[in-house]
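Asker: Just the structure for this:
(one chain, ligands or ions: 1)
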Amino acid sequence: MYAYKITGQKKLQGSVEIQGAKNAVLPIMAAALLTDEPVELTNISYLSDVKVLSRLLESLGMKIEALPNKLILRADTISSTHADYEFVSKMRGSFWVLGPLLGRFHEAEVSLPGGCAIGTRPVDLYLVALREMGADIKVENGYVKAKGRLRGNEIFFPRVSVGATHNTIMSAVLSEGTTVIHNPALEPEVIDLLNVLVKMGAKIEGIGTKVLTVHGVEKLHGCTHKIVPDRIESATFAAAAALTHGQILMKNTNLNLMNAVADALRISGVVFEQRGSDLWVDASKASLTATPITTCEYPGFPTDAQALLTSVLALSKGESLVEERIFENRFMHIPELQRMGAQVKILTNQSVLITGVESLSGTTVMSSDLRGGVGLVLAALAAKGETIVKRIYHIDRGYFQLEEKLKALGADIERIHLDD
Ligand code: EPZ
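Answerer: Next up, the predicted model:
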């Protein structure tokens, strides 16, 4: 297995290219199932999650051409509507083929995604919505078996779900009649999917509001689309700047995608300045200060940036209460941070109290999930001495060439091979 070997306390300076959003490219790749014409996506990073989803889509008969920073997807010869456990168990986002397969082919058999390290990740909201649109849904042998011609209906989500919003929209665009979705997720990645569907000919009103109206159409056509910048990767480099008192020009990203994270870091004196399509982050005069964090749906503080900020707060003067309100088990990186010297009191499984310390010390730590793993990398960038971050396959799921990008900014980091 691979690990990162990091020697901390190097100031990060320079520019870095921000990737297209992992959490946008995944649903948009699934949306390519909705048309028999080519869908061309640019601003793509070859994350392991993208590779897993590509293999699933190809198993259904989709043809995918992977060019440098571009994917061309063709679903004119779909031969199967069975999404196997082999793929869905590796990457939960694969479950999102359910909506487009059902919407276009009126049948689908998709493996349940199962839980993951951060939570049980149920899909009840997805299935309730599909049943309300007339689908015949059976859940047996670990698979969702769905069939039927969908009809528009009024859907009320009792809680916000990014995935259930993606899936319901993608099942509604080709259904008969009109579907009104109340309380959809507003994440930028949902907006990006909606923008792609409109480019493909979908009739959707209320984009960016809490009431989406989808008028079903007969057919959708192909399109080309540049994936929205990855706001969590942007937050990652902003946190890295804060932790090393560095200055980074993040290319091809936008402050408006990460206002809640920027507001939190501004309390520590980190300066943000949008410069055209690039975002300048200056932490050269920052003084890390305790900041309360409560994760919630967009535009609130994103749960995917919680682990990134807990590493910053570990070195921020004062006490910071961090509440994780989206997932039930998203503090697995905390015990590893404590081994680096962080003072953290676990109050409940969804809240911790962090007391800032003067410094962290390098040691060997282990990633348990994607964002928790990156949180440990960030802590290692600030820590005294050498840190080995193990099981970085978690990180490869969501970051492309992370060590190259950090090295180019002045970090002392390398990927090493370990036997375990
Ligand atoms: C997406 O997951 C993202 N994944 C997650 O990013 C992100 O943390 C999450 O949205 C919240 O923003 C991708 O886009 C691939 P949800 P998703 O449905 O859609 C509960 C990362 O690190 N819920 O919005 O699965 C659920 O258990 C990943 O990039 C139900 O109860 O998240 C959770 O507590 C991690 N029933 C909450 O809602 C359902 O039917 C939010 O989940 C669906 C969800």
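Asker: Could you pull out the buried residues of stretch 132-140?
Answerer: In terms of neighbour count (16 or more other Cβ atoms under 10 Å), stretch 132-140 has its buried residues at E132, M133, A135, I137. All C-beta spots, glycine's among them, are computed from the backbone N, C-alpha and C.
Asker: What sits closest to the second one if chain neighbours are left out?
Answerer: Read it as M133. The shortest distance from M133 to any non-neighbouring residue, by Cβ to Cβ, 6 or more residues apart in numbering, is to L150 (4.4 Å).
Asker: Likewise for the last one?
Answerer: Nearest non-adjacent residue to I137, counting by Cβ to Cβ, 6+ apart: A146, 5.0 Å away.
Asker: Could I get the pLDDT score of that neighbour?
Answerer: On pLDDT, A146 comes in at 98.
Asker: Now, the buried residues of stretch 132-140 that are in helices?
Answerer: Of those, the ones assigned to helices by DSSP state H are E132.
Asker: quick one on the thing from earlier: and the residue nearest to I137, how many neighbours does it have?
Answerer: A146 has 25 neighbouring residues, counting by other Cβ atoms under 10 Å.
Asker: can you check K285 too?
Answerer: Neighbours of K285 under the rule other Cβ under 10 Å: 10.
Asker: Can you show me the helices along this structure?
Answerer: Under the criterion DSSP H, helices of the chain are mapped to 22-31, 48-59, 85-88, 98-105, 124-132, 162-172, 188-199, 231-244, 259-266, 306-313, 334-339, 370-382, 393-396, 402-408.
Asker: which residues sit against the first one?
Answerer: Counting contacts by Cβ atoms under 8 Å, 6 or more residues apart in numbering, the residues outside helix 22-31 that touch it are 39, 41, 44-45, 47, 49-50, 53-54, 57, 71, 73, 91, 93, 96-97, 99-100, 162, 166, 170, 187-190, 192-193, 196-197, 200, 225, 227-228, 230, 232, 304, 397-398.
Asker: tell me the angle of that helix relative to helix 48-59?
Answerer: 0 degrees (axes from the mean of the first three to the mean of the last three Cα atoms, to 10 degrees).
Asker: Going by neighbour count, which residues of the worst-scoring helix or strand of the chain on mean pLDDT are buried?
Answerer: Least confident helix or strand of the chain, by mean pLDDT, DSSP states H and E, is helix 85-88 with a mean of 92. Neighbour-count burial for helix 85-88 flags Y85, F87, V88 (criterion: 16+ other Cβ under 10 Å).
Asker: quick revisit: out of the contacts of helix 22-31, who's near the ligand?
Answerer: Applying Cβ under 6 Å from any ligand atom to the contacts of helix 22-31, one finds that G93, V162, E187, D304, G398 fall near the ligand.
Asker: What is the burial count for the residue nearest to M133?
Answerer: Using other Cβ under 10 Å, L150 has 24 other residues around it.
Asker: which residues touch it?
Answerer: 102-103, 106, 130, 133-135, 171-172, 174-176, 216.
Asker: rerun at 6 Å
Answerer: M133, G134, S171, S175 (Cβ atoms under 6 Å, 6 or more residues apart in numbering).
Asker: Those residues into a markdown table, with extra columns for distance to the ligand?
Answerer: Formatted as a markdown table, the contacts of L150 follow (distance: Cβ to the nearest ligand atom, whole Å):
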| residue | distance to the ligand |
| --- | --- |
| M133 | 15 |
| G134 | 19 |
| S171 | 14 |
| S175 | 19 |
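Asker: check contacts around S287.
Answerer: Listed by Cβ under 6 Å, 6+ apart, the contact partners of S287 are G269.
Asker: returning to what we had before: can you tell which of the helices of the chain is closest to S15?
Answerer: Closest to S15 of those is helix 402-408 (Cβ to Cβ; 8.4 Å).
Asker: what about that closest one, average pLDDT?
Answerer: Mean predicted confidence for helix 402-408 is 98.
Asker: Mind checking if that helix is in reach of the ligand?
Answerer: No. Helix 402-408 lies apart from the ligand when judged by Cβ under 6 Å from any ligand atom; the minimum separation is 14.0 Å.
Asker: Give me the buried positions along that helix.
Answerer: L402, E403, K405, L406.
Asker: ok, of the contacts of L150, which one's closest to S367?
Answerer: Set against S367, the nearest of those by Cβ to Cβ is S171 (34.5 Å).
Asker: Name all residues that make contact with D304.
Answerer: By Cβ under 6 Å, 6+ apart, the residues touching D304 are I232, R371.
Asker: same thing but at 8 Å, please
Answerer: Contacts of D304 by Cβ under 8 Å, 6+ apart are N23, I232, A235, R371.
Asker: can you list contacts of stretch 323-333?
Answerer: 117-120, 293-297, 303, 306-307, 310, 346, 349-352, 367-369, 371-373, 375-376.
Asker: Number of residues surrounding F157?
Answerer: 18.
Asker: where's it relative to D76, distance?
Answerer: 33 Å (Cβ to Cβ, to the nearest Å).
Asker: With M258 instead?
Answerer: Distance from M258 to D76, counting by Cβ to Cβ: 38 Å.
Asker: Which one's more surrounded, those two?
Answerer: Set side by side, M258 and D76 show more neighbours around M258, with 28 against 12, by other Cβ under 10 Å.
Asker: So for the residue nearest to the more buried one when sequence neighbours are not counted, what's the pLDDT?
Answerer: Sequence neighbours aside, R231 is the residue nearest to M258 in space, at 4.7 Å (criterion: Cβ to Cβ, 6+ apart). At R231, the pLDDT value in this model is 98.
Asker: R231 reaches G20, doesn't it?
Answerer: No. R231 lies out of contact with G20 (Cβ atoms under 8 Å); the separation is 11.0 Å.
Asker: Neighbour count: those two, which is higher?
Answerer: R231 (28 against 25).
Asker: what's near enough to touch the more buried one?
Answerer: Going by Cβ under 8 Å, 6+ apart, R231 touches A21, P188, T253, L257, M258, V261, P302.
Asker: please redo it, this time with the cut-off set to 7 Å
Answerer: Counting by Cβ atoms under 7 Å, 6 or more residues apart in numbering, R231 touches A21, P188, L257, M258.
Asker: Hmm, S234 and the first one touching each other?
Answerer: When you say that, I think you mean A21. No. Between A21 and S234 there is no contact under Cβ atoms under 7 Å: 9.5 Å.
Asker: and the stretch 101-250 of the chain, which of its residues are near the ligand?
Answerer: The stretch 101-250 of the chain has residues 119, 121-126, 159, 161-164, 185, 187 near the ligand, with proximity defined as Cβ under 6 Å from any ligand atom.
Asker: In TSV, list those residues along with neighbour count and pLDDT.
Answerer: Converted to TSV, these look like this (neighbours: other Cβ atoms under 10 Å; pLDDT from 0 to 100):
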residue	neighbour count	pLDDT
G119	15	83
R121	15	82
P122	13	88
V123	20	93
D124	10	94
L125	19	97
Y126	24	97
R159	10	96
S161	22	97
V162	21	98
G163	23	97
A164	26	98
A185	21	98
E187	24	98
